[in-house]
Each structure stands twice: as structure tokens, then as C-alpha cells.
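# Sequence and predicted structure are below.
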There are 2 protein chains.
Amino acid sequence: MKTVDTIVKAEHILTMEGEGVGYLADHAVAIDRGRIEAVAPWSEMEGTYRAEQVIDAAHKLLLPGLIDGHMHTSEGILRGLAQDIGNWMMEGVMPFSEQCSEKAGAAGSRLAIAEAVLAGTTTIGDDGMQMDASCAFVEKIGARGNISVRIRDAVNRVYRAGELYEYLPELGEQSLERFRQIYRRYHDRDNGRIKIRLGPQGADFVSLETLQKVKKLAREYGTKIHIHLEQGSREARQMEMRYGMRSIPWLAQMNFLDGDVIGIHLTDAYDDEVRLAASTGASMVLCSASIGIIDGIVPPAKLFQDAGGLVGLGSDQAPGNNCHNIFSEMKLTALFNKIKYGDPEVMPAWKVLRMATIEGARALGIGEVTGSIREGKAADLILVNLKAPTMAPVYTAPMRNFVPNLVYSAHGDEVDTVMVDGRLLVQGGKPVTFDLKEIVAEAQSYADQIGALAEPKFREINGQNARYMAEGKL
Amino acid sequence: MKTVDTIVKAEHILTMEGEGVGYLADHAVAIDRGRIEAVAPWSEMEGTYRAEQVIDAAHKLLLPGLIDGHMHTSEGILRGLAQDIGNWMMEGVMPFSEQCSEKAGAAGSRLAIAEAVLAGTTTIGDDGMQMDASCAFVEKIGARGNISVRIRDAVNRVYRAGELYEYLPELGEQSLERFRQIYRRYHDRDNGRIKIRLGPQGADFVSLETLQKVKKLAREYGTKIHIHLEQGSREARQMEMRYGMRSIPWLAQMNFLDGDVIGIHLTDAYDDEVRLAASTGASMVLCSASIGIIDGIVPPAKLFQDAGGLVGLGSDQAPGNNCHNIFSEMKLTALFNKIKYGDPEVMPAWKVLRMATIEGARALGIGEVTGSIREGKAADLILVNLKAPTMAPVYTAPMRNFVPNLVYSAHGDEVDTVMVDGRLLVQGGKPVTFDLKEIVAEAQSYADQIGALAEPKFREINGQNARYMAEGKL
């Protein structure tokens, strides 16, 4: 008999191994020092292992923790302030975001990450300029992090329509230096739980020279590059003015795109560009809700997959989504694509569940560590309550209804237990490693101040939401 | 000082009165014998009323209960058994639904209604053949009901493609008799809390003679008609074979459509048919999730509204949605329409919140009773927890973020309190008037049997979900 830290005894497991969802009945998972030691039938497990802690997952569904491949958690502080608006960036977010201190952003990060973890997200794919607070919180609460530090040369100011972004080489250098610092401090911390990535903001925001440095650094540091890719007409216009080419062909031509690159959004990529990007081995993260809210567009994830590319899911940001919840992303992704193609068989539940787990993990370059339940992988697991009304009743024959109900019915609060690297973050639906009340109260403490500072610009712009306020519609 | 049953003291109220959301700060609602007695500032209320029960809604948002205009609650027993499939009716639902006993359907109804109420739905808009169990449960737990009894002449069997449905006049008569019985038993029960409606299944399923009887009965009984309207190519084909016309023009021509009619879906109605239907004064119920799942279509709700028609929201059924949650319907409705029109300003949050409350109530013919917070209306109210991470932080100036966060971020479990006619159904997120564990256990007790009985037909049809089972994708 070998002693391990934990055994989780489950009636129903979705391992997400193989080509489908890897269903197993009446199996147990043995966990030791954060890693999955064995996955075996109950009967076998009992004769082989004994554990310090046995988690009896009766009436629960065991599956890998969910992977959020793209978030801007610091914008959690601005939840609900920008949506239903044509010019999201300038009319929606900007009046508020320019009034956010680093401390307010840090509070927003903690709120967004807490929200995500409570809804079963074990891997936080965060992106932004100041990533210290996010890394520190992910480390402290025990989540997995895939965190990119934003690289850009473009001066952050208002540009006239048709004006080329102004690059300052020292801005690019400063951002690369921030990456190096964060990388040294957090990369591979705690058994590799946190990965630090290079985050060039987009081909339009970063000079050719800096992009070449990014590519070189990624190889030197053995890490990946997380880049917004063809996220709208603004980007296309900048690229055409500067290089006479759109982002994907231009990046492909300079050999920037390859298996080290995680491309975000591809909102308005042409079909041949999608195929070209997928053919380089780059992966894609799809943010269904945020691109639906901001642009009214369904990004080309199906085309990217059909061309052989890997696609993960992302929740983007709270002022334009407005939640960090992969259950919501799964349902939206399935339904948006059914509608886009006018075909209810497109993007079935099992496919989006794979995008939320193993394919998402692979898209981020952590597929060997997380995203499925297999011996040797990290114990990043969640338990979903099968007695929640949204998951009931359970059918096991002739058809199992776990996967459709996870994707189309559950909302995230069915998540009972969240474990990362064998450590419990959430138990009985309650946080174990963080204090939710404190996090919400801290975020609230910044809201009045941000609102007051944003007011003059909000009124001056007089955008859609300012007009709605005047009309009593908010 | 007048004594009333209850005073709810709220920091933030969305009354849904007027053209917008009717926001009020620091007001209280006095409730007596189920009705709203007064809505006034705290300070005024304190000098005027005293109450048996004071509900302090600090850090909560008070708004009217949500209206679900179209459900088939008995199919709650079949949650998750039909989706991702081209022929939803024949390949998806049928193998299972034909094995459902009336008792199993009753258990499904209780599950679906409990789920909906916990997520803030106060008006249950149910539709089906056997409505006794649904009415009894709605009555018992204290919800509001807008319940239609299905009328049809068509024999319920498998038809060959292109075969005209066989009508049996006695089936129509029997269904009318079922309506009369349920009407006598439940209509206007408990202070008018339950309304019984006529539910002709669709112009294709009901003979001309029976439809004329339905129209006459609606006037005689002073009730409304709930009818599926142009819900797909199957219906169009039947109508063209039988009458050489499609449903909306045919029904309009015979003066069937008017303010007494609630038209469901309009899935594939042509633009001129949508305008024609709206011009008659008929209302529409939009089921975004279910029509997305079943057909990959965004129904023409915006066009119906632009033509002056009223549109409410509905969750339809659990084997093809798969949840009964108006928060989910609100987000999907906003996003589907933004995508349909490629415009993020289409279907803003405040508009869909109106569809989920006052406009939905008006669409069902109960707008004078529920759907907004106003003196004289029923006290159908919900409180939403503003300290839930999905609703935080709260901004009140220069822009309030309650409405966007209700629609785009909340999932339903933020609902802390549900009150109908002044009676508490849910408090602290827990059911008061029903036992959720018992309801879930009862539904579960039917699943294995239905599965076993359905297996031969499920295997014989060998549809998409049977193939997915064989491939380990479920």
C-alpha cells in the first residue's frame, strides 16, 4: 500500500483524454505532491493506495479545471461600464480606464480572478501592463497562471482618425524590461504553476524592431508570445498605412507566427488569413462574449479548427463581456457558431468542453501539465454538483447528459470544489484560499473615486451610455 | 400610521416604470395583502407606515420578478437529451419524450419551475397537454402562472416527409375539454395569480374549425391564446399543402390574430409577415437559447419591436436550451441580435431587461398586475445581491452599472429573495415554499426508466447523439 496525499473517489469522471470527453464511471484519482499519481477503478485503488484525505465525490461530476486563455483582470474594477456602444474603446472604456490607479487595477484583478476561480477556472490567462498584483494573487491563492506582460512602443494617447500611432523606442524597451522583471520573479514559480509570457499588444502597437526582440526573447526564455491578432478595422488601417499589409500576412512573412504564438481574437481576419495563421502552428483564443458585445461579430474559430489549429476560450474583460465565467463562454461559443453557420450540429457541446479544457491548455502551451485527468499531470480538478437543478436529472443510458448540461445549462455556481496542483481553492462552493467579502469590499472602495474622476470626460464625450443615463435607461 | 404586512427598504430600485428602467435610490416599498401599497422615499415611508415585517435590502438591488413567457416545464425531466442535432424533434427529443409518463412529466415540471423561481422568475409561462401538475405546483409554491393548455387535432404519430397531418375532430374536442376543466379549476385562483390560456399548438396542428372554436372560447372566457407561430419549415410545408398559404397571412386573413394572441417563436417568419403580425396587436415571445440550439436561428424580435409589437422572453424546454433562466435569455438575446445586425448598439441591456419584466408582462396580458413596481400592482419582487462578484463593484455616477451587470454578468444565483403577491418563495437564495432536494430526487427517480425504455428507438434512429455516445464524446 502506497500512501498519497489525496484520493478523489468519483462516480462520474470526464477525463478529457482521447478524442472525446474520456468518460469513466466509478473511478478514483490518487494525488500526491500536487500530481496525479493514478487514475483507476475504485476497487483497484482501494488495494493499492491509502490517502491522508479522501474526497467522496458522490453525486458530483469530476473533470479537469477550466482554462481561461485571455483575460484583462485589472479591468474587473470597471465591470459593466462599457457595452451597447459603437466605439467601445474611446467612448466606452477610456473615460474610466484612464482614471484607474495601479492599486485600483490590482483590486479589479483580485475580483476578476476570485470570480473566475469560484466558477471553476483553474488556469488564469491574464494580460496587461502591470502584472505584479495579478501574479502575486494567483500565487497566493494557488491558481495556475498563464500571464503575459504587455509590450508596446505606441504612445498611449488619443489619435485622430487616420493618424499613425507614434512609436517611442524607449516605451518598447521599458515594457520589455517589465517583462524580464516579472519573468524572473514569477516564471515557473511553485512547481511551474505560473508561466510568464511575452504580450505584444498587437502588430499595430509594436515596432518591427521590438517584435523581433520579442521573438528572440521568447526563444531565449523558453516562453510563448500572446498577441492580439487582427482585432478590428483600426488595426487593419494602421497596418496598411505603415506596411501596406494586414497583420497576419505581415507577421507570417517575417516568420513571427509559429507554435510559440497564441493569437487572440482574429475578429476580422479573412478566411485565407485564418488558414494561414493556423498553418503556422500558432494557436487561437476565442472570446465569444466580449467580441459579441464589442463588435457584434462571431470570430472564425471553426475555420481555424477546420484548418487544423487549436482554439481555447477566453473571457476578456468585465467592462465588455461582463463576467469571467467559462461556462458562459462555452454556451455562447456553441450557440454563436450554430447561428453563424445556420446549423445546430456545428460546435457541439463536447467540442466546446474540449476547448474549455484540454484544447485550451494545449493552445496556451500547458497541455502536458493541465487540461485533462491523466497520470503525471497536475491535479487541477473541479467537482460539479449533479444535484443542482441545472444538472438534473442525470441520465447515463442510452445517452449521458453530463456534457450538454455542463455546456448549455450550468452557470458556474454548480462548481462545488476547485483544486489546483492538489490544493483546495474552493470547497462546498466557498473559497478556501481567499476572502471574497474582503475582495469585493476592496474593489467597491475604488468605484466612487473612479466615477468622480471619469465624470468630466464621460459627459464631454456624451456617448451612448451617457445618453442612456440622461434618458433613465440605466 | 397605517400598518402594512411588509416594507422592503432598498438603496437601489429598478421599478421598470416609464420608458426606461425607472431607477430610484433610497426608496421603500410598502406591501399589504399581496399588493404594492406605496413606493416612497425612506424618510416619507417611516412617518406613514409601520410593518409586521421589514426587509432591509441593503447591498441588494430591488426589481420586479422576471417573466418567462414560454416554457414546456414537463420536459424538465428530459434535460440535456436533445441538442447539437439537425432533426431535433424526431432524432433528439422523440425517443425519450414518447416514454415519459404523466407522472414523470409532472416531476419534470416541478424541477423546471423550481429552477426558474430560484433564478428570479416569478411568472411561469407554461404550455403543454397535461397541465394539472404544473398548475398545482405553481399554486402550491406561490408563483404566478400564465399557463396554456395545448389544443390540437393532429394525431401524434410519425409522419412521412410531405405527408399531411391527419386530423381527428375528437382530439380537438378532447383538448378543448381539458382546457375547460383546467380553466374552471385554476383560472384566477388566489387573487388572480394563475391565468389559464388556450394553447393551440400551431396553425398546422389544429383544424380551421377548432381554431374558430378557440377564438370564440377566448372571448367567452376572457382569456388569451398562446400559439406557436411559424416555427420552421415543417410548419410552412404543412400550411402550404393544406391551405396554399403560410401561417401568419392565413391566420390574419381569418381575423385570428389580434391583441388576444401571444405568438411564440416566429422562427422563420418573413419580414412582411413579422410586420403583419405586429400590426394586428398580437404579441411575441422570443426563445433565444432554444431556437439557437434547435435551429441555429435568431428570431425576428427586433423587427417585431420596430413594427410596434411587444416582445417577451421565454426559456422553452430543458432538452434544447437547456435551462430555465431568464438571466441567460437576456444575455443571449442582446448578443444574438448584436451579431445578427453586426451592431453592438442593437438590443442594449435596458431593452432586454424591459423584455424580461414589464414588456414581457404586457405581452402575456398581465402588464397591469406585474412586471413593474408601482402602487396597486402585485408585489412580485426580487432582490439581487450586489456583493456577488458578478455584480461588483457598484457604480452610481456618472453611470450606473446595475442594468448591464444584470444582463451581461449575472447568472441567476445572485438572486437572494423572490416574492410573489407579497409572499416569500425564496429567501437568502434558499427556497421557502418548496423542497429542492425532494424535487431533484423525484426527477432522478424517473431517469433510468425513461432511458431504458427509450434505448431501442434511440439506437434504431442512430442520430447524432447516438453516434457521439459510440465515439466517447458524451
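It's in.

# so how far is B:Gly76 from A:His59?
18 Å (C-beta to C-beta, to the nearest Å). For the C-beta atoms, the positions are set from N, CA and C on the backbone; glycine is no exception.

# quick one: which of the two has more around it?
B:Gly76 (32 against 18; other C-beta atoms under 10 Å in any protein chain shown).

# so what's that one up against?
Applying C-beta atoms under 8 Å, 6 or more residues apart in numbering or on different chains, one finds that B:Gly76 lies in contact with B:Ala107, B:Gly108, B:Ser109, B:Arg110, B:Leu111, B:Ala112, B:Ile113, B:Glu115, B:Gln317, B:Ala318, B:His324, B:Ala443.

# Also A:Arg242?
Counted by C-beta under 8 Å, 6+ apart, A:Arg242 has contacts A:Leu164, A:Asp204.

# Map the structural domains onto the sequence of chain A.
Following automatic domain parsing, one gets these domains for chain A: A:2-64+A:380-431, A:66-363.

# before we move on, the earlier item: sort out for me which of the contacts of B:Gly76 are in helices.
Using DSSP state H to define helices, the subset of the contacts of B:Gly76 located there is B:Ala107, B:Gly108, B:Ser109, B:Arg110, B:Leu111, B:Ala112, B:Ile113, B:Glu115, B:Ala443.

# can you count the residues close to A:Gly259?
Neighbour count of A:Gly259, defined by other C-beta under 10 Å: 12.

# do A:Arg219 as well
For A:Arg219, the count of nearby residues is 9 (other C-beta under 10 Å).

# name the helices or strands packed onto the strand or helix carrying it?
Using DSSP states H and E, A:Arg219 sits in helix A:208-221. When contacts are defined as 3 or more C-beta pairs under 8 Å, 6 or more residues apart in numbering or on different chains; DSSP states H and E, helix A:208-221 packs onto helix A:169-186, strand A:194-200, strand A:225-229.

# try 7 Å this time
helix A:169-186, strand A:194-200 (3 or more C-beta pairs under 7 Å, 6 or more residues apart in numbering or on different chains; DSSP states H and E).

# tell me the angle of the shortest one relative to helix A:208-221?
It stands for strand A:194-200. Orientation check (axes from the mean of the first three to the mean of the last three C-alpha atoms, to 10 degrees): strand A:194-200 against helix A:208-221 gives 160 degrees.

# which residues touch strand A:194-200?
Residues outside strand A:194-200 that contact it (C-beta atoms under 7 Å, 6 or more residues apart in numbering or on different chains) are A:127, A:135, A:138-139, A:145-151, A:179, A:182-183, A:186-187, A:206, A:211, A:214, A:217-218, A:223-227, A:366.

# again, only this time at 6 Å
By C-beta atoms under 6 Å, 6 or more residues apart in numbering or on different chains, the residues outside strand A:194-200 that reach it are A:127, A:145-151, A:179, A:182-183, A:186-187, A:206, A:214, A:218, A:223-227.

# Using PyMOL, define a selection of the buried residues within those.
Entered in PyMOL, the line below selects the buried ones among the contacts of strand A:194-200, by 16 or more other C-beta atoms under 10 Å in any protein chain shown:
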select buried, chain A and resi 127+145+146+147+148+149+150+151+179+182+183+186+187+206+214+218+223+224+225+226+227
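
# and A:Lys60, which of the three is it?
Secondary structure state of A:Lys60, per DSSP: H, G, I helix; E, B strand; the rest coil, is strand.

# now it, nearest residue through space, not along the chain?
A:Leu383 (4.3 Å; C-beta to C-beta, 6 or more residues apart in numbering or on different chains).

# Tell me which residues touch the residue of the stretch 101-250 of chain A found nearest chain B, please.
Chain B sits closest to A:Glu115 of the stretch 101-250 of chain A, with a gap of 3.9 Å, by C-beta to the nearest C-beta. Contacts for A:Glu115 (C-beta under 6 Å, 6+ apart) come out as A:His324, B:Pro389.

# average model confidence for stretch A:14-30?
Taken as a whole, stretch A:14-30 has a mean pLDDT of 98.

# Buried residues, that stretch. List them.
For stretch A:14-30, using 16+ other C-beta under 10 Å, the buried residues are A:14-17, A:20-24, A:27-30.

# Kindly report the same for stretch A:427-445.
Buried positions in stretch A:427-445, judged by neighbour count with 16+ other C-beta under 10 Å: A:Pro431, A:Thr433, A:Phe434, A:Leu436, A:Ile439, A:Val440, A:Glu442, A:Ala443, A:Gln444.

# just stretch A:300-309 next, same as before
Residues A:Pro300, A:Ala301, A:Lys302, A:Leu303, A:Phe304, A:Gln305, A:Gly309 are the ones in stretch A:300-309 that count as buried (16+ other C-beta under 10 Å).

# Tell me which residues are up against it.
So stretch A:300-309 is contacted by A:Leu266, A:Val274, A:Arg275, A:Ala278, A:Met284, A:Leu286, A:Val311, A:Asn337 (C-beta under 6 Å, 6+ apart).

# returning to that earlier point: dump the ones in helices among the contacts of B:Gly76 into CSV; add distance to B:Asn405 and pLDDT as well.
CSV is the format used below for those (distance: C-beta to C-beta, whole Å; pLDDT from 0 to 100):
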residue, distance to B:Asn405, pLDDT
B:Ala107, 35, 98
B:Gly108, 32, 98
B:Ser109, 31, 98
B:Arg110, 31, 98
B:Leu111, 28, 98
B:Ala112, 26, 98
B:Ile113, 26, 98
B:Glu115, 22, 98
B:Ala443, 32, 98
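
# Greatest separation within those residues: which pair is it?
Greatest spacing in the ones in helices among the contacts of B:Gly76, by C-beta to C-beta: B:Ala107 and B:Glu115 (12.8 Å).

# now whichever residue of the stretch 51-200 of chain A sits closest to chain B, what's its secondary structure?
In the stretch 51-200 of chain A, the residue that lies nearest chain B is A:Gly80 (3.2 Å; C-beta to the nearest C-beta). Here A:Gly80 is recorded as coil under three-state DSSP.

# got a list of what the closest residue to it other than its chain neighbours touches?
Take A:Gly80 and drop its neighbours on the chain: the residue closest to it by C-beta to C-beta, 6+ apart is B:Asn401, 3.2 Å away. B:Asn401 is in contact with A:Gly80, A:Leu81, B:Tyr395, counting by C-beta under 6 Å, 6+ apart.

# ok, which pair from the buried residues of stretch A:427-445 is furthest apart?
Among those, A:Thr433 and A:Gln444 lie farthest apart (C-beta to C-beta), at 21.3 Å.

# quick one: is stretch A:18-33 near chain B?
Yes. Stretch A:18-33 lies within reach of chain B by C-beta under 6 Å from any C-beta of the partner chain, at A:Gly20.

# same question but for stretch A:428-442, I mixed them up
Yes. Stretch A:428-442 is in contact with chain B by C-beta under 6 Å from any C-beta, via A:Val440.

# From the chain's centroid, how far away is the helix or strand harbouring A:Glu438?
Element membership for A:Glu438 (DSSP H and E) is helix A:436-461. The chain centroid and the centroid of helix A:436-461 are separated by 24 Å, computed with C-alpha atoms, centre = their mean, to the nearest Å.

# what packs against it?
Helices and strands touching helix A:436-461, by 3 or more C-beta pairs under 6 Å, 6 or more residues apart in numbering or on different chains; DSSP states H and E, are helix A:94-97, helix A:102-118.
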